[in-house]
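**Student:** predicted model, plus sequence, below.
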Amino acid sequence: VEAPIEAENPDSKLIKIDGKVFSIPSPLQTAILIKNSGTNYNKDILNEPSKITNYSTNFKKAINLGVYGADLGYVTMYSQTQDAISFLTAVKSIADDLGVSSAFDLEFVERFDKNIGDQDSLLALVSDAYKSSDRYLKENDQNDVGGLILAGGWIESIYFASNAVEMTGNIDIKQRIAEQKTTVYNLMQLLMPYYSNPEFALLIDELNELNDLYEQVESTYTFIKPTVDIDNKTTTINSTTTVDISDDQLKAISDKILKMRLDIIS
């Protein structure tokens with residue numbers, strides 16, 4: 001059964017591979033939501049930058065490049081300058097190893113240093129660098145690496161969200177976690193071509209188990225006619241999806257994300 005593809009919105013990034021479109025929410029948008037909920041900065045939930053030496057396979061490097069990217073967005077969001085530099089160094093090191101260093105080159109580092117203290121500029125820089133690496137990977141037919149970066153960033157950001165809900169009980173963050181049903185399906189489809197690789201197979205199997213948990217979450221889709229602005233050539237999607245998640249379902253999903261995240265960063 002084909003899952004519905006979410007319409008493009010500022011929270012999502014549409015990926016087109018082999019004619020299929022995948023929608024994956026940006027970790028930066030989740031970080032913004034967490035900070036706006038009044039949740040305090042918590043360094044303990046981040047992956048240690050010193051762990052980069054543990055990641056020897058390309059699989060581990062790629063998925064943790066996604067993790068560190070989400071961490072970099074998170075520390076930047078909270079204006080933690082010193083931590084941001086540590087995570088930027090980790091990101092640059094893994095990107096060099098994977099051959100996507102063009103996105104995190106010397107010019108990027110210099111611009112990052114120059115804009116320290118300007119949160120909006122830094123966030124735009126991080127976002128652009130990840131778009132640039134994604135473009136590079138697609139052009140060089142390395143969709144496997146690109147898919148892992150997306151998966152790592154998404155898992156880390158939902159791990160942050162789970163922590164924030166536990167601390168604050170914030171309804172908006174709870175809703176954000178509940179809405180990820182389509183994302184899990186999209187990630188599975190994105191990675192499925194590489195199932196013959198044992199590392200990929202383990203991750204896809206875990207995503208499949210997470211998908212089973214999401215299947216139990218009730219969602220109601222309400223179609224509302226899109227608004228078309230002919231002058232500006234834009235179409236605004238007005239349809240809504242309402243998700244009803246119980247505390248038990250939320251805990252099961254959060255526990256699964258925690259386990260997946262520990263496997264990734266270990």
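**Tutor:** The structure has been received and is ready for your questions.

**Student:** name the helix or strand for the residue lying farthest from the centre of the chain, please.
**Tutor:** In the chain, residue 231 marks the outermost C-alpha relative to the chain mean, sitting 33.6 Å out by Cα atoms, centre = their mean. Of the helices and strands defined by DSSP states H and E, none includes residue 231.

**Student:** look up how far residue 205 lies from it.
**Tutor:** Residue 231 sits at a distance of 49 Å from residue 205 (criterion: Cβ to Cβ, to the nearest Å). Every residue, glycine included, has its C-beta placed from N, CA and C.

**Student:** go on, residue 229?
**Tutor:** Applying Cβ to Cβ to residue 229 and residue 205 gives a distance of 44 Å.

**Student:** so these two - more neighbours on which side?
**Tutor:** For residue 229 and residue 205, the more surrounded residue by other Cβ atoms under 10 Å is residue 205, and the numbers stand at 12 against 9.

**Student:** against which helices or strands is the helix or strand that the more buried one is a member of packed?
**Tutor:** Under the criterion of DSSP H and E, residue 205 resides in helix 198-215. Packed against helix 198-215, as judged by 3 or more Cβ pairs under 8 Å, 6 or more residues apart in numbering; DSSP states H and E, are the following elements: helix 58-77, helix 143-168, helix 181-191, helix 247-265.

**Student:** reformat those helices as TSV; add mean neighbour count.
**Tutor:** Listed next are these as TSV, based on neighbours: other Cβ atoms under 10 Å:
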stretch	mean neighbour count
helix 58-77	25
helix 143-168	24
helix 181-191	22
helix 247-265	17
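
**Student:** minimum distance to residue 99: which of the ones you listed has it?
**Tutor:** Residue 99 lies closest to helix 143-168 among the helices and strands packed on helix 198-215, at 8.6 Å (Cβ to Cβ).

**Student:** let me see the mean pLDDT of that closest one.
**Tutor:** Mean per-residue pLDDT for helix 143-168: 92.

**Student:** give me the angle between it and helix 198-215.
**Tutor:** 40 degrees (axes from the mean of the first three to the mean of the last three Cα atoms, to 10 degrees).

**Student:** CA atoms of the next helix or strand after helix 143-168 as CSV?
**Tutor:** Next helix or strand after helix 143-168 toward the C-terminus (DSSP H and E): helix 171-178. Extracted in CSV, the C-alpha atoms of helix 171-178 (Å, rounded to 0.1, in the frame of the first residue of the first chain):
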residue,chain,number,x,y,z
ILE,A,171,1.3,19.3,23.5
ASP,A,172,2.9,20.7,20.3
ILE,A,173,6.0,18.5,20.7
LYS,A,174,3.8,15.5,21.5
GLN,A,175,1.9,16.3,18.3
ARG,A,176,5.1,16.6,16.3
ILE,A,177,6.2,13.1,17.4
ALA,A,178,2.7,11.7,16.6
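
**Student:** in the stretch 1-150 of the chain, where is pLDDT below threshold?
**Tutor:** 1-23, 103 (pLDDT under 70).

**Student:** can you list the residue ranges for strands in it?
**Tutor:** 12-17, 20-25 (DSSP state E, counting those that start in this stretch).

**Student:** rewinding a little: same question for the helix holding residue 205, mean pLDDT?
**Tutor:** Averaging the model's pLDDT scores along helix 198-215 yields 97.

**Student:** got the buried residues for it?
**Tutor:** 200, 203-204, 206-207, 210-211, 213-214 (16 or more other Cβ atoms under 10 Å).

**Student:** what do you get for stretch 217-225?
**Tutor:** residue 217.

**Student:** make TSV from the helices and strands packed on helix 198-215 and add distance to residue 126 to it.
**Tutor:** Output for those, formatted as TSV (distance: least, Cβ to Cβ, whole Å):
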stretch	distance to residue 126
helix 58-77	6
helix 143-168	11
helix 181-191	20
helix 247-265	19
